[in-house]
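Chemist: How does the following fold in three dimensions:
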Amino acid sequence: MKHWTIRLKVTLWFTLFMTLLSALAVGILLYSSEYAALENIKLRMTDMVEQVRRDVEWKDNKLEIDNDLEGFQDGVYLSLYDSQGVPLYGSVPRLFDNADIFEHKSLREKKTQNGMFYWYDEKIWVSGYGEIWVRSIAEADQVSAAVGSFLQFAVIVFPFFVLTAALGGYWITRQAFLPVRQITQTAREIGEGDDLSRRIGLGKGKDEIYTLANEFDSMFARIQAAFEREKQFTADASHELRTPVAVILSQCEDALRTECDAPHREAFVTIQKQAEKMAGLISQLLTLARAEQSRKKLHLERVNLSELSEIVCEQQQEFAEERGIEIAQQIEPDVMVQGDETMLMRMLINLLENAVKYGKQNGHIQVSLSRENEFAVCRVQDDGIGIEKEHLEHVWKRFWQEDASRKVEGAGLGLAMVKWMAEAHGGGVSVTSEKGKGSCFSFTVPLAQEGA
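Modeler: Numbers count the residues shown, from 1 in each chain. Predicted coordinates for the structure are as follows:
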């Protein structure tokens with residue numbers, strides 16, 4: 001039940017409540033119908049007595065009974081007896097034992113092997129004749145028939161009523177939770193697509209869901225403003241740092257061209273090396289900042305990704321050989337894509353540099369390129385230190401580095417740039433890894449259309 005949606009829970013609760021309420025109503029109505037049927041029989045019995053008062057009289061020294069008075073009428077048997085219980089007129093049900101004594105104005109019931117009966121006795125006075133007993137008898141089957149008719153009606157109407165209530169409840173909750181679905185979908189799209197300019201936009205409303213949606217929109221606006229300030233700061237800081245770093249590099253180069261003692265030369269070399277790293281970091285930060293601000297434009301052209309991959313592998317082989325790593329190639333020929341050649345080369349370089357840095361000494365790197373559906377898929381697989389499974393979702397974030405890999409030089413921007421450049425081409429990135437056995441990073445870019 002924990003995994004059920006709120007809409008399902010509300011619908012089931014509403015349906016269960018309506019089912020119980022309907023069952024209670026049916027029970028009350030069933031009891032009421034039985035009571036009403038019994039009261040109707042009693043009323044007919046007493047009406048028969050009143051009819052006897054009107055239609056029976058003593059005339060010409062005999063008891064005259066009007067022809068309108070029948071021994072069986074409206075499901076009620078009528079019989080008349082003198083004060084000694086001798087039958088004078090009427091009839092009784094064939095299966096009824098008529099041996100019971102008379103009780104004035106008494107409604108009784110008798111259950112026999114032949115069924116249930118109700119009977120009513122009343123003593124009346126006939127002028128000139130004296131007392132006579134009037135007994136009216138009705139079979140209980142009439143009550144059962146009335147109850148049975150109601151049950152048949154309930155069996156048909158009750159399920160229809162419950163089904164209508166369930167469908168109505170589902171429709172009401174569905175309409176009520178439609179804004180929640182829109183909120184969820186918008187939040188998911190923002191989370192997956194990093195587009196903070198999206199808004200839920202439910203408009204004005206008076207209920208809590210509309211209030212919640214408007215609060216979410218306000219929160220998204222504040223978050224977007226904060227991110228925009230961060231992006232602007234990163235871009236401004238990177239831009240402003242380029243000049244002093246360039247000056248430091250220039251001064252180091254000038255100092256190294258002059259004669260100086262060994263300690264000073266070593267210091268200048270160290271400064272130059274760190275300044276070059278800082279210059280690379282600033283360049284990457286500025287590129288990412290411009291990309292996030294949509295100021296970095298792609299120069300799309302038809303590129304032979306197979307040849308480009310071979311060139312990059314050859315260039316990186318020298319860097320890999322410093323650690324005794326061999327780069328193997330499995331590249332499908334003439335894989336043509338529509339992309340920015342500089343960015344494509346940068347993606348390959350970043351992945352290969354990453355594989356060399358975190359690969360094991362005297363290890364192997366496998367670079368593969370193939371066509372899969374409408375995409376070119378490039379994979380770079382190493383047999384290095386690997387990444388814990390719970391950290392895989394973080395590897396594409398800026399400045400993120402696993403604790404075990406922090407001893408390796410790097411700023412943690414290379415993979416973030418690969419992700420952005422792949423997505424800018426309309427592709428994507430993925431990673432698989434096993435701790436201690438290596439990792440496989442891959443990116444996809446759309447294939448070039450024929451004739452493009």
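Chemist: just so I have it, where are all the helices in the protein?
Modeler: Using DSSP state H, the helices found in the chain span residues 6-55, 141-193, 208-257, 262-292, 305-321, 341-358, 414-424.
Chemist: Can I get the ones you listed in a markdown table including distance to S368, mean pLDDT and mean neighbour count?
Modeler: C-beta coordinates here come from the backbone N, C-alpha and C atoms, glycine included. What follows is those, written out as a markdown table (distance: least, Cβ to Cβ, whole Å; pLDDT from 0 to 100; neighbours: other Cβ atoms under 10 Å):
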| stretch | distance to S368 | mean pLDDT | mean neighbour count |
| --- | --- | --- | --- |
| helix 6-55 | 47 | 78 | 15 |
| helix 141-193 | 28 | 75 | 14 |
| helix 208-257 | 34 | 75 | 14 |
| helix 262-292 | 26 | 73 | 16 |
| helix 305-321 | 9 | 90 | 17 |
| helix 341-358 | 12 | 89 | 21 |
| helix 414-424 | 16 | 86 | 21 |
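Chemist: need those in CSV with distance to S442, can you?
Modeler: Shown next, in CSV, are the helices of the chain (distance: least, Cβ to Cβ, whole Å):
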stretch, distance to S442
helix 6-55, 39
helix 141-193, 19
helix 208-257, 28
helix 262-292, 21
helix 305-321, 13
helix 341-358, 9
helix 414-424, 9
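Chemist: Out of these, which is closest to E434?
Modeler: Comparing these against E434 with Cβ to Cβ, the closest turns out to be helix 341-358 (13.2 Å).
Chemist: Tabulate the CA atom coordinates of the closest one in PDB.
Modeler: Written as PDB, here are the backbone C-alpha positions of helix 341-358 (Å, rounded to 0.1, in the frame of the first residue of the first chain):
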ATOM      1  CA  GLU A 341      35.600  19.600 -35.300                       C
ATOM      2  CA  THR A 342      37.400  21.400 -32.500                       C
ATOM      3  CA  MET A 343      34.800  20.300 -29.900                       C
ATOM      4  CA  LEU A 344      34.800  16.700 -31.100                       C
ATOM      5  CA  MET A 345      38.600  16.600 -30.900                       C
ATOM      6  CA  ARG A 346      38.400  18.100 -27.400                       C
ATOM      7  CA  MET A 347      35.900  15.400 -26.200                       C
ATOM      8  CA  LEU A 348      38.300  12.600 -27.400                       C
ATOM      9  CA  ILE A 349      41.300  14.300 -25.800                       C
ATOM     10  CA  ASN A 350      39.600  14.800 -22.500                       C
ATOM     11  CA  LEU A 351      38.400  11.100 -22.400                       C
ATOM     12  CA  LEU A 352      41.800   9.800 -23.400                       C
ATOM     13  CA  GLU A 353      43.600  12.000 -20.900                       C
ATOM     14  CA  ASN A 354      41.200  10.900 -18.200                       C
ATOM     15  CA  ALA A 355      41.800   7.200 -19.100                       C
ATOM     16  CA  VAL A 356      45.600   7.700 -19.000                       C
ATOM     17  CA  LYS A 357      45.500   9.600 -15.700                       C
ATOM     18  CA  TYR A 358      43.400   7.000 -13.900                       C
END
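Chemist: by how many degrees do it and helix 414-424 diverge?
Modeler: 150 degrees (axes from the mean of the first three to the mean of the last three Cα atoms, to 10 degrees).
Chemist: Which elements pack onto helix 341-358?
Modeler: strand 301-304, helix 305-321, strand 364-372, strand 375-382, helix 414-424, strand 438-446 (3 or more Cβ pairs under 8 Å, 6 or more residues apart in numbering; DSSP states H and E).
Chemist: now with 6 Å?
Modeler: Helices and strands touching helix 341-358, by 3 or more Cβ pairs under 6 Å, 6 or more residues apart in numbering; DSSP states H and E, are helix 305-321, strand 375-382, helix 414-424.
Chemist: got the contact list for it?
Modeler: 303, 308, 312, 316, 319-320, 325, 365, 380, 382, 384-385, 405, 408, 414, 418, 421, 441, 443 (Cβ atoms under 6 Å, 6 or more residues apart in numbering).
Chemist: what angle sits between it and strand 364-372?
Modeler: Computed by the same axes, to 10 degrees, the angle between helix 341-358 and strand 364-372 is 140 degrees.
Chemist: sorry, back to before: make TSV out of the helices and strands packed on helix 341-358 and add distance to A262.
Modeler: Formatted as TSV, these follow (distance: least, Cβ to Cβ, whole Å):
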stretch	distance to A262
helix 305-321	28
strand 375-382	38
helix 414-424	35
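Chemist: who wins for proximity to T432 among these?
Modeler: With Cβ to Cβ, the closest approach to T432 among the helices and strands packed on helix 341-358 belongs to strand 375-382: 8.9 Å.
Chemist: what about V395, neighbour count?
Modeler: V395: 20 surrounding residues under other Cβ atoms under 10 Å.
Chemist: wait, what's in contact with it?
Modeler: Neighbours of V395 in contact, by Cβ under 6 Å, 6+ apart: 415, 431.
Chemist: Give me the distance between the nearest residue to R199 once chain neighbours are set aside and I190.
Modeler: Of all residues not flanking R199 in the chain, D217 sits nearest, at 4.9 Å (Cβ to Cβ, 6 or more residues apart in numbering). Note on D217: its distance to I190, by Cβ to Cβ, to the nearest Å, is 11 Å.
Chemist: One more: E208?
Modeler: 22 Å.
Chemist: In the stretch 351-452 of the chain, where is pLDDT below threshold?
Modeler: Confidence mapping of the stretch 351-452 of the chain against pLDDT under 70 gives the ranges 399, 401-412, 451-452.
Chemist: care to break the protein down by domain?
Modeler: 6-147, 208-292, 301-446 (automatic domain parsing).
Chemist: closest one to I200 among those domains?
Modeler: I200 lies closest, by Cβ to Cβ, to one member of the domains of the chain: domain 208-292, at 4.6 Å.
Chemist: what's across from Q366 in the sheet?
Modeler: A328, Q381 (DSSP bridges).
Chemist: doesn't Q329 make contact with it?
Modeler: No: Q366 lies out of contact with Q329 (Cβ atoms under 6 Å); the separation is 8.1 Å.
Chemist: count of neighbours near G128?
Modeler: G128, neighbours per other Cβ under 10 Å, totals 10.
Chemist: Now it: closest residue in space that isn't a chain neighbour?
Modeler: Nearest one to G128, counting by Cβ to Cβ, 6+ apart, is W58 at 3.4 Å.
Chemist: need the contact list for the one you found.
Modeler: So W58 contacts 126, 128-129 (Cβ under 6 Å, 6+ apart).
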